[in-house]
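Participant: need the 3D shape of this:
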Amino acid sequence: MLARKRHVSYNGFKLIALEKRLVEEHNPSNIALDETESKSYLSITPRQERWIVMLVLAAFVALAIGFSLGPILEGQDEVLHYRFVRVLADTWQLPNQMITHSEFQQPPLYYYLAALIKKPIADSDFDELLARPNPGGTFTALFRLPNWQVQPSNDTTARLVHSRAEDFPYQSGTARAVHLVRLLSVALGVGTVITCYGILQMLWPDRPDCRLLGLGIIAFWPLFNYLSGYVTNDTLLIFLSNLTLYLTMRQVQYGPSFRQAIVLGVVLGGALLSKANALLLIAPVGLALLLDWRRAWRFGLIVFVTTVTISGWWYARSAMVYGDPTGLIVQYKVNPGAYMPIGTLSFVDSLAVMGRIYMRLWARFGWMYNVVVSPSIYIFFDTLTVAGVTGAILSSIRWFRQSRSQPVDPIWLHMVSVIIIMGLGTLSAVYVFSVTNSGGVATARYLLPAICVWGSLFACGLGFWIPHHLKIPVTLFVVTVLAVVATTCLLKYFLPAYKPLPLPSKIEHSLAIQYEDAAELIGVGASTVYAKPGEIITITLYWRAIQPTEHDLFTFVQVGNGRIPLLLDVPATGHLRSTEWQPGQTWAECWQVYIPPDAPPQTVYPVIVGLSDPTENRQLDIVGRDVWEVGSTVIEVVVAAH
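Facilitator: I've put the predicted structure just below:
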């Protein structure tokens, strides 16, 4: 028998428990380690690990802040979340949940915290900003219909047309308020990463490779980085859910106590005041109480009473005022077409919904998940997922076989059971929610309250494939690659998606078509584009501003001499207001043309481009020419036979 001190570090505090344990406790599953494997696990010192953790945290903060620098009110439901914050900052009273297209049915804790930040800032331009919807920022791009339709290829990234006043140093009051509130999400994201590291320490007290690998997966999860950079109550839910899991596992490991029960009840109550999804936390907390029922039942009552004291008032109020304690039924009442009974979708359609959730799980951004990254990055995450899941399955099989002949630490097994029940509960809830919403809503972010579960799963699975003598080097390499991939998602794809496209180094087909004294079309990507029926083609335009305009102008693109409806859009495919043009400023525009399958072959269709002033209801004239003459055609689309 050996006596040793266990140091569990969390958020700057150290809890030291002097325990008598068998030497085999260093390996919670009591699976024998050979000498080479043991040395590989200990090839990093605690001080080195602390430095690595600090670097990972610093990198996470940089990524979250980087994502927060994106245009305001472009996050998923960010307009609705911020409107709730505004109402509380102005009145400090809960709004009517029955208002459509709002988040007013949500529990209010996050919004009250955000309102404290927003309160000193006037945002009188909020309604003005919402009055500038992006004409191309609609669902059109998500449904490619077999018809002669034209749309901007990079336009649907933004739902609003943004002005220069929203850029740093934020002359817009709304921009200042939103960016400050976004820092709350950044802080909550940091808290989540620290909490998850505490959980990983309990799972693998003597496996720094697994701890660091799990930490890297969580901290450099691009979708989580993105969520931590905009206004949403999901960040508070994710933090408090993982903090609840951490406190529950501590109770399993060290036994229940009055103080721990009070803290767990406060955190669980806070989670329930963040979002009704937190009701899922009852499963892991309840399992932990059942596993140690004789000692824990009295403390379970303390947890229950504390939780109800903290959050019960809101659920009781919602039940009395709206007849719905959770607010979920209210959402379906104000949007009656949003609900589908279970079973409406076929099994195949249900699997397709889960497939869409996975597609959005790692690196899809924007208000409609419409900012995508390169296929190579998705292949990387697909490989990580397959390797992680299969490795975890094989590792579990190996552990199960060896555990038949070797004793297993029951405390460690109970902690793993708590983690598993949380993961299964979250996955089941996301499935039910997705298949009961009209259209099969695929909301990947609902999986992230269990982000530590997924990080632990992938860390365990990936560790299965790493040779024993390379555990630490390969782990550090994978964590570095994850950091590079997350940074690439931010700098190469997310932030540029909301900026005008730059001109190429050389314009192959130059033009000099001047639209009054506003702007000049200086070139196109190709003067002739060949296509087949049923194809989608892209045409590229290159522009140069002459001077800012008095009114906002739209670019219009029309195919076929007026026989096909034209499309109007803000210049630079939605990212540059003409009233803010700078003389000599240049940009590129990419537009997609959808050619129907029944388009007559061997036909040439002209593409007409111009600028329109919606305020004066007219098209700008081309200097020296009439915009509707054949000479204004800038590109020809040739439809060839199949």
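
Participant: so, low pLDDT: which residues of the stretch 101-250 of the chain?
Facilitator: 136-156 (pLDDT under 70).

Participant: so where do the helices sit in the stretch 401-550 of the chain?
Facilitator: Secondary structure of the stretch 401-550 of the chain (DSSP state H, counting those that start in this stretch): helices at 410-435, 451-465, 471-488.

Participant: out of the ones you listed, deepest packed?
Facilitator: For these, the largest average neighbour count (mean count of other CB atoms under 10 Å) is found in helix 451-465, namely a mean of 23. In this view, the C-beta of every residue, glycine as well, is placed from N, C-alpha and C.

Participant: can I get that helix in PDB, CA atoms only?
Facilitator: This file holds the C-alpha atoms of helix 451-465, laid out as PDB (Å, rounded to 0.1, in the frame of the first residue of the first chain):
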ATOM      1  CA  ILE A 451     -18.500  19.000 -25.900                       C
ATOM      2  CA  CYS A 452     -16.300  17.400 -23.100                       C
ATOM      3  CA  VAL A 453     -18.000  14.100 -23.800                       C
ATOM      4  CA  TRP A 454     -17.100  14.300 -27.500                       C
ATOM      5  CA  GLY A 455     -13.600  15.600 -26.800                       C
ATOM      6  CA  SER A 456     -13.000  12.700 -24.400                       C
ATOM      7  CA  LEU A 457     -14.400  10.200 -26.900                       C
ATOM      8  CA  PHE A 458     -12.100  11.400 -29.700                       C
ATOM      9  CA  ALA A 459      -9.100  11.600 -27.400                       C
ATOM     10  CA  CYS A 460      -9.600   8.000 -26.300                       C
ATOM     11  CA  GLY A 461     -10.100   6.800 -29.900                       C
ATOM     12  CA  LEU A 462      -7.200   8.700 -31.400                       C
ATOM     13  CA  GLY A 463      -5.000   7.600 -28.600                       C
ATOM     14  CA  PHE A 464      -5.700   3.900 -29.500                       C
ATOM     15  CA  TRP A 465      -3.900   4.400 -32.800                       C
END
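
Participant: got a list of contacts for it?
Facilitator: 192, 195-196, 199-200, 203, 207, 209-211, 213-215, 217-218, 221, 224, 238, 242, 245, 384-385, 387-395, 419-420, 422-423, 426, 447, 471, 475, 478 (CB atoms under 8 Å, 6 or more residues apart in numbering).

Participant: identify all contacting residues around stretch 98-115.
Facilitator: Under CB under 8 Å, 6+ apart, the answer for stretch 98-115 is 77, 80-81, 83-85, 87-89, 92, 94-97, 181, 184, 231-233, 235-237, 270, 272-276, 311, 314, 318, 322, 327-328, 330-331, 333-335.

Participant: go on, stretch 614-624?
Facilitator: Contacts to stretch 614-624, defined as CB under 8 Å, 6+ apart, come from residues 513-516, 518, 551-554, 556, 568, 610-613, 627, 632.

Participant: may I see the ChimeraX selection of the buried members of those?
Facilitator: Buried subset of the contacts of stretch 614-624, written as a ChimeraX selection, criterion 16 or more other CB atoms under 10 Å:
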select :513,514,515,518,552,553,554,556,610,611,612,613,627,632
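
Participant: phi, psi of the closest residue to H162 other than its chain neighbours?
Facilitator: Computed as CB to CB, 6 or more residues apart in numbering, the closest residue to H162 that is not its neighbour in sequence is P71, at 4.9 Å. The phi and psi values for P71, taken as degrees, to the nearest 10, are phi -60, psi 150.

Participant: P71 and Q582, how far apart?
Facilitator: As judged by CB to CB, to the nearest Å, P71 and Q582 stand 19 Å apart.

Participant: more neighbours: those two, which one.
Facilitator: P71 (21 against 11; other CB atoms under 10 Å).

Participant: helix or strand: which one has L611?
Facilitator: According to DSSP states H and E, L611 maps onto strand 603-613.

Participant: elements contacting that strand?
Facilitator: Packing contacts for strand 603-613, counted by 3 or more CB pairs under 8 Å, 6 or more residues apart in numbering; DSSP states H and E, involve strand 509-515, strand 554-559, strand 618-619, strand 633-639.

Participant: which of those strands is buried the deepest?
Facilitator: Comparing those by mean neighbour count (mean count of other CB under 10 Å), strand 554-559 ranks first with a mean of 22.

Participant: picking up where we left off before, out of the contacts of helix 451-465, which are buried?
Facilitator: The neighbour count (16+ other CB under 10 Å) marks 192, 195-196, 199-200, 203, 207, 209-211, 213-215, 217-218, 221, 224, 238, 242, 245, 384-385, 388, 391-392, 395, 419, 422-423, 426, 447, 471, 475, 478 as buried among the contacts of helix 451-465.

Participant: can you check the pLDDT for S38?
Facilitator: The per-residue pLDDT reported for S38 equals 46.

Participant: quick revisit: let's have the helices of the stretch 401-550 of the chain in a markdown table, adding mean pLDDT and distance to V56.
Facilitator: Below are these laid out as a markdown table (pLDDT from 0 to 100; distance: least, CB to CB, whole Å):
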| stretch | mean pLDDT | distance to V56 |
| --- | --- | --- |
| helix 410-435 | 89 | 21 |
| helix 451-465 | 96 | 12 |
| helix 471-488 | 96 | 7 |
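
Participant: now distance to T45 too, for those helices, in CSV please.
Facilitator: Below are the helices of the stretch 401-550 of the chain laid out as CSV (distance: least, CB to CB, whole Å):
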stretch, distance to T45
helix 410-435, 24
helix 451-465, 20
helix 471-488, 11
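
Participant: out of these, flag the one nearest Y378.
Facilitator: Y378 lies closest to helix 471-488 among these, at 10.6 Å (CB to CB).

Participant: quick one: buried residues of stretch 375-387?
Facilitator: For stretch 375-387, by 16+ other CB under 10 Å, it's 377, 380-381, 384-385.

Participant: now intersect those residues with the helices, please.
Facilitator: 377, 380-381, 384-385 (DSSP state H).

Participant: possible to save those as CSV with distance to V639 and pLDDT?
Facilitator: Below are these laid out as CSV (distance: CB to CB, whole Å; pLDDT from 0 to 100):
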residue, distance to V639, pLDDT
I377, 34, 95
F380, 38, 96
F381, 38, 96
L384, 43, 96
T385, 41, 96
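
Participant: could you export those as CSV, including distance to G286?
Facilitator: Below are those laid out as CSV (distance: CB to CB, whole Å):
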residue, distance to G286
I377, 39
F380, 38
F381, 33
L384, 32
T385, 30
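
Participant: how about the spatially most central residue of the chain, what does it touch?
Facilitator: With distances taken as CA atoms, centre = their mean, the residue of the chain nearest its centroid is L223 (3.6 Å). Going by CB under 8 Å, 6+ apart, L223 touches 360-365, 444-445, 448.

Participant: cutoff 6 Å now
Facilitator: Contact partners of L223, counting by CB atoms under 6 Å, 6 or more residues apart in numbering, are absent.

Participant: that one in helix, strand or coil?
Facilitator: helix (DSSP: H, G, I helix; E, B strand; the rest coil).

Participant: give me the buried subset of the contacts of stretch 98-115.
Facilitator: 77, 80-81, 83-85, 87-89, 94-95, 97, 181, 184, 231-233, 235-237, 270, 272-276, 311, 314, 318, 322, 327-328, 330-331, 333-334.

Participant: out of those, name the ones that lie in strands.
Facilitator: The strands, defined by DSSP state E, take in nothing from these.
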